[in-house]
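Participant: Provided below for reference: sequence and predicted model.
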Amino acid sequence: MQKRPNSWHSKLTLAGAGIAAFAMLLGALQLRANECQKRTEKAAHHLHDAVVHHGDHSPQADRARHELNDAREYCWDHGHRWWDSDSQQWHSNHGWDNGQSDHDSH
């Protein structure tokens, strides 16, 4: 008589592998979110400095706005959300290009 494989052991192994894969996915998503936040914070800081040192309508501020837009686009393309460094929160609408939180007045 042939032994049947232990099904609970197989199920447990499969469940463990699924949990590990899910944890890796969550870790990758968190890493991407941290990268988005870091890029956006850096670009927002550059924009603030450009406005303070060169003026709101200076070429430096315009370049910094473009950099901030690029950082937000990166986040949107990779997670369908973007980081608002003013309010310190994520947004799931594509509203930054409508003048939302662009640091012009800082």
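Facilitator: In hand now; what should we look at? Numbering: from 1, shown residues only.
Participant: At which residues are the strands of the chain located?
Facilitator: Under the criterion DSSP state E, strands of the chain are mapped to 82-84, 89-91.
Participant: Packed most tightly, which of the ones you listed would that be?
Facilitator: Among these, ranked by average contacts under mean count of other C-beta atoms under 10 Å, first place goes to strand 82-84 (a mean of 23). Every residue, glycine included, has its C-beta placed from N, CA and C.
Participant: helices or strands next to it in the packing?
Facilitator: helix 7-54, helix 59-79, strand 89-91 (3 or more C-beta pairs under 8 Å, 6 or more residues apart in numbering; DSSP states H and E).
Participant: okay, now the residue lying closest to A61 once chain neighbours are set aside: neighbour count?
Facilitator: Among residues not flanking A61 along the chain, A50 sits closest, at 4.3 Å (C-beta to C-beta, 6 or more residues apart in numbering). Residues contacting A50 under the criterion other C-beta atoms under 10 Å number 21.
Participant: what about A50, distance to R65?
Facilitator: The gap separating A50 from R65 is 8 Å, by C-beta to C-beta, to the nearest Å.
Participant: next one: K11
Facilitator: Following C-beta to C-beta, the distance that separates K11 from R65 is 55 Å.
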